[in-house]
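Asks: Sequence and computational prediction follow.
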Amino acid sequence: MRRKIVSLLMATLVAVTAIAGCGNSGGSASSAASGAAGGDTIKIGSIGPVTGAAALYGEAVKNGAQLAVDEINAAGGINGVKIEFKFEDDEHDPEKSVNAYNTLKDWGMQILMGTVTTNPCVAVTEKTAADKMFQLTPSASSQDVIAKDNVFQVCFTDPNQGIASAKYIGEHKLGTKVAVLYNSSDVYSKGIYEKFMEESKNQTTYTVVAEEAFTDESKTDFSAQLNKFKSAGADLVFCPFYYEVAAVVLKQADSMKYAPTFFGVDGMDGILGVENFDKKLAENVVLLTPFVADAKDEKTQKFVEAYKKAYNATPIQFAADAYDAIYIIKAAMEKGGVKSTMKTEEICNLMKDAITQISFDGLTGTAMKWTKDGAVNKEPKAMVIKNGAYTAMD
């Protein structure tokens, strides 16, 4: 009799456990991708570097997104449900980014807001496309990122940055002899460089007098390239690469007594936060970027104030991109009538259609629109570093 009772209790326990397992909104990697989550929340995941190289970008995206999530939840959520937000670190590494994506799938992610940087994002888009999951990246700018029809961008594509930079330098007469330094082993840097060179041929106020490449393995010593630029008389150096490298370049240029105008793109945003970097070396550096923290419009001032209060820091463009990204997801969900109980593929299909029908006014652009190719249409802005702070260009 005792054995029968014990057996009955064990059988009951197994049955209860099985039922509980079916109700788990996280589920396995496969079930999270194909099924619906619990319905009490909409689960939005994000991936980016908060340690290692480019950590300033990831931290800014994480903070900007969380600020938007908190605001939306406080106002009642999206279509009546709250956002559940989870961020995973990828250390700016494609393989680790894919691992982070799998972790978020196991958690039950329904929409991906990421990844932050280009090479990891290209790797992850292969996974989201296979899983039919909607993906909106705040800051990965390569055209390769939007090769799949489920992926959209908040930031400019690399070609747009290269073209806009060449035009801006010409129209504002920032230099007469221009040199270009770029990372030939990085998709982001190379893509911007190529379009910059194409558009520069159309400009009449300056001439490109020198161009030099480096690779990831050789980004600690730029004295040879800078000496060539100096010898060529370049009074402006175009730098389409990330802020860590830019800090090294500025230090070495200063040691050589070479002081051209340095002109960067969105990847240089964050240079003032580099540890042990003398901000004076960045004086008069110009960046083409869609967000300037000291802009006087009410939307920017409100965001900057809230960000400083929450994180005791001034937001860079990546924070603004992510803040906009969460609100763009909200607008598309509302336009498409997305419900949290829908399967991932159904959410993706509705979101792909809805995002092409909205016009969004955000921190990083007004009347932003998207076509089915995933690229955003908006105007760039420029800022200059003055007295150790980012300042809007006149």
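Replies: Great, that's in hand.

Asks: mind listing what's buried in stretch 46-53?
Replies: By neighbour count, with 16 or more other C-beta atoms under 10 Å as the criterion, the buried positions of stretch 46-53 are 46-50, 53. C-beta: built from backbone N, CA, C; applies to glycine.

Asks: again, but for stretch 165-174
Replies: The neighbour-count criterion (16+ other C-beta under 10 Å) identifies 165-170, 174 as the buried residues of stretch 165-174.

Asks: Tabulate those residues (TSV), appending pLDDT.
Replies: As requested, those are exported to TSV (pLDDT from 0 to 100):
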residue	pLDDT
Ser165	95
Ala166	97
Lys167	95
Tyr168	94
Ile169	96
Gly170	96
Leu174	97
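
Asks: Same list as before, the buried residues of stretch 46-53 that is, but in a markdown table and with secondary structure included.
Replies: Supplementary listing: the buried residues of stretch 46-53 in a markdown table, determined by DSSP: H, G, I helix; E, B strand; the rest coil:
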| residue | secondary structure |
| --- | --- |
| Ser46 | strand |
| Ile47 | strand |
| Gly48 | strand |
| Pro49 | coil |
| Val50 | coil |
| Ala53 | coil |
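
Asks: Among the residues you listed, which one lies nearest to Gln161?
Replies: Gly48 (19.2 Å; C-beta to C-beta).

Asks: and the residue positioned nearest the centre of the chain, what does it touch?
Replies: Here the mean C-alpha position of the chain is nearest to the C-alpha of Ser139 (C-alpha atoms, centre = their mean), at a distance of 2.0 Å. Residues touching Ser139, when contacts are defined by C-beta atoms under 8 Å, 6 or more residues apart in numbering, comprise 57, 61, 116-117, 154-155, 266, 317-318, 321-322.

Asks: Go again with 6 Å.
Replies: Ser139 sits next to 116, 155, 318, 321 when contact means C-beta atoms under 6 Å, 6 or more residues apart in numbering.

Asks: Likewise for Ala60?
Replies: Contacts of Ala60 were listed using C-beta under 6 Å, 6+ apart, and they are 316, 318-319.

Asks: ok, now Leu181?
Replies: 212, 225, 239.

Asks: Show me which of those residues is closest to Val69.
Replies: Cys239 (33.5 Å).

Asks: Please look at that closest one and Asp266 and confirm they touch.
Replies: No - with contact defined as C-beta atoms under 6 Å, Cys239 and Asp266 do not form a contacting pair (11.7 Å).

Asks: which of the contacts of Leu181 tops the neighbour count?
Replies: For these, counting by other C-beta atoms under 10 Å, the largest number of neighbours falls to Cys239: 28 neighbours.

Asks: From Lys167, how far off is that one?
Replies: Computed as C-beta to C-beta, to the nearest Å, the Cys239 to Lys167 distance reads 17 Å.

Asks: Same question for Pro240.
Replies: 14 Å.

Asks: Show me what the host helix or strand of Val124 is in contact with.
Replies: Taking DSSP states H and E as the criterion, the element that holds Val124 is helix 118-131. For helix 118-131, contacts defined as C-beta under 6 Å, 6+ apart pick out 33, 90, 94, 97-98, 101, 112, 115, 135, 137, 140, 142, 144-145, 148, 150-151, 187-188.

Asks: I'd like to know which of those are buried.
Replies: Members of these that pass the buried threshold by neighbour count (16+ other C-beta under 10 Å) are listed as 33, 90, 94, 97-98, 101, 112, 115, 135, 137, 140, 142, 144-145, 150-151, 187-188.

Asks: In helices, which of those fall?
Replies: Among the buried ones among the contacts of helix 118-131, the subset assigned to helices under DSSP state H consists of 33, 94, 97-98, 101, 187-188.

Asks: Look up the residues forming beta bridges with Glu84.
Replies: When bridges are assigned using DSSP bridges, the partners listed for Glu84 are Lys43.

Asks: Now for the contacts of Ser139: which two are most distant?
Replies: Val116 and Cys155 (10.2 Å).

Asks: So the two - more neighbours on which side?
Replies: Comparing Val116 with Cys155 by neighbour count (other C-beta under 10 Å), the higher total belongs to Val116, at 31 against 27.

Asks: which non-adjacent residue is nearest Met333?
Replies: With sequence-adjacent residues excluded and distances taken as C-beta to C-beta, 6 or more residues apart in numbering, Met333 is closest to Ile78, at 5.2 Å.

Asks: Return the set of residues that bridge with the one you found.
Replies: In this structure, Ile78 has the following beta-bridge partners (DSSP bridges): Val81.

Asks: Numbering from 730 from now on, please.
Replies: With the count now opening at 730, the last piece we talked about shows up as Ile807.

Asks: separation between it and Ile875?
Replies: Taking C-beta to C-beta as the measure, Ile807 and Ile875 are separated by 24 Å.

Asks: for Lys811, same thing?
Replies: 29 Å.

Asks: Who has more neighbours out of these two?
Replies: Here Lys811 and Ile875 are set side by side on neighbour count (other C-beta under 10 Å), and the busier one is Ile875, at 25 against 16.

Asks: what sits against the more buried one?
Replies: With contacts taken as C-beta under 6 Å, 6+ apart, Ile875 has the following neighbours: 882, 1103.

Asks: any chance you could map the strands in the protein?
Replies: Using DSSP state E, the strands assigned to the chain run over residues 770-777, 811-818, 840-841, 863-866, 880-882, 906-912, 936-943, 965-968, 990-993, 1015-1018, 1098-1099, 1105-1106, 1110-1115, 1118-1121.
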